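Undergrad: the sequence and its predicted three-dimensional model are supplied below.
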Amino acid sequence: MPKHPLTAPAIPIALQSSHLLSPPPDRLTNTPTTLSITKESHTLYVHRLRAHEPSNSPEKQLLFTALDKQWPTGTRVIYAQNTPVLVLRRAWFSGLRRWGVKLPKGKGSGRTDLLDASMPWTDGNPIARGFRLDMRFRNALASHRGRRATISTDQPPPYIRVDSHARSIEPHLDLVWDPRSRHEALPGYSARLGGSALRDLLDAVESPLDPAPAAGFEAPARRSVGVERGSGSTVELRAMQMASGTGVMLGNHMVMYITRHNAMDYSRSKSRLKPRWEVEVAEGVDLLLAVNVVLIMTEVESSR
């Protein structure tokens, strides 16, 4: 379980609606999740750590691998169960550090970026004031055709799992958050956040230790902040250096926290530092977002 205080987004966020699919790996967390990312040669291995499971546990679950093909194309391919799912590519523009995430060839439109990430220059040195990364993407889980899609970055939900059979909303109506109707979209489960007999019953029926399979849903109504018309709502994330790690912010709330650990590797004739990243991810956040942030961090660190 995450060690830092994270806030689940009001509406789950993901790069693709297919990232809700099960069987595993579940790419969207239905409970707070911790990832352990290690690097061997040119490959990154992404494991999920269960509650109270150490980072060196032999039973930790492998979710993704990321193959580094950075030179000369600046491309990194992310695999799930030996199947490519996303491609991260560095855009080489003069005076700009920018990355784009696309689907692999043969899987939908390979020309459209699912995510756009950029690192601002600071006084001629991009790392002079610590790591900072701005990300922008269209949330595939907040699609409202013909009406406004809204996201609240200031008010966490009582419970993220949304009833897939929630009542439909008339397409000509704007979505306005009404606290009296929230239980129609988010049934019951607010007691999960506090100690109670209902909480104990829910934990007995649905274990909170592992992410449960996610399901499709009708996104709940929220007060608009940065409303955009179209097939989804735009989400902006910012990763920034903090005291002991890197926080990823959605508005004023932290949805991820990344900590780098260095261990000495004596397996070769010449000892060297072997990095490992521990990524804490809030409930309702696409795990592949976290993987892409770490991939960009490794590229920036290697260029120092």
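TA: It's in. Numbers count the residues shown, from 1 in each chain.
Undergrad: what's downstream of the lowest-mean-pLDDT helix or strand in the chain, the next helix or strand?
TA: Per-element confidence for the chain was summarised using mean pLDDT, DSSP states H and E. The lowest value among helices and strands belongs to strand 228-229, with a mean of 35. Towards the C-terminus, the helix or strand next in line after strand 228-229, according to DSSP states H and E, is strand 233-241.
Undergrad: partner strands of the longest strand along the chain, parallel or antiparallel?
TA: Among the elements of type strand in the chain, defined by DSSP state E, the one spanning the most residues is strand 253-265. Sheet pairing for strand 253-265, assigned by DSSP bridges, gives strand 246-250 (antiparallel), strand 272-281 (antiparallel).
Undergrad: mind listing what's buried in the helix ranked longest in the chain?
TA: With DSSP state H setting the assignment, residue counts place helix 287-302 as the longest helix in the chain. Along helix 287-302, the positions that meet the burial threshold by neighbour count (16 or more other CB atoms under 10 Å) are 287-299. C-beta coordinates here come from the backbone N, C-alpha and C atoms, glycine included.
Undergrad: put the alpha carbons of that helix into PDB.
TA: In PDB, the C-alpha atoms belonging to helix 287-302 read as follows (Å, rounded to 0.1, in the frame of the first residue of the first chain):
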ATOM      1  CA  LEU A 287      -0.700   2.200 -14.300                       C
ATOM      2  CA  LEU A 288       0.800   2.800 -17.800                       C
ATOM      3  CA  LEU A 289       0.800   6.500 -17.000                       C
ATOM      4  CA  ALA A 290       3.200   5.700 -14.100                       C
ATOM      5  CA  VAL A 291       5.400   3.500 -16.400                       C
ATOM      6  CA  ASN A 292       5.800   6.300 -19.000                       C
ATOM      7  CA  VAL A 293       6.800   8.900 -16.300                       C
ATOM      8  CA  VAL A 294       9.500   6.600 -15.100                       C
ATOM      9  CA  LEU A 295      10.700   5.900 -18.600                       C
ATOM     10  CA  ILE A 296      11.100   9.600 -19.300                       C
ATOM     11  CA  MET A 297      12.900  10.000 -15.900                       C
ATOM     12  CA  THR A 298      15.400   7.400 -16.800                       C
ATOM     13  CA  GLU A 299      16.100   9.100 -20.100                       C
ATOM     14  CA  VAL A 300      16.600  12.400 -18.500                       C
ATOM     15  CA  GLU A 301      18.900  11.000 -15.800                       C
ATOM     16  CA  SER A 302      21.000   9.200 -18.400                       C
END
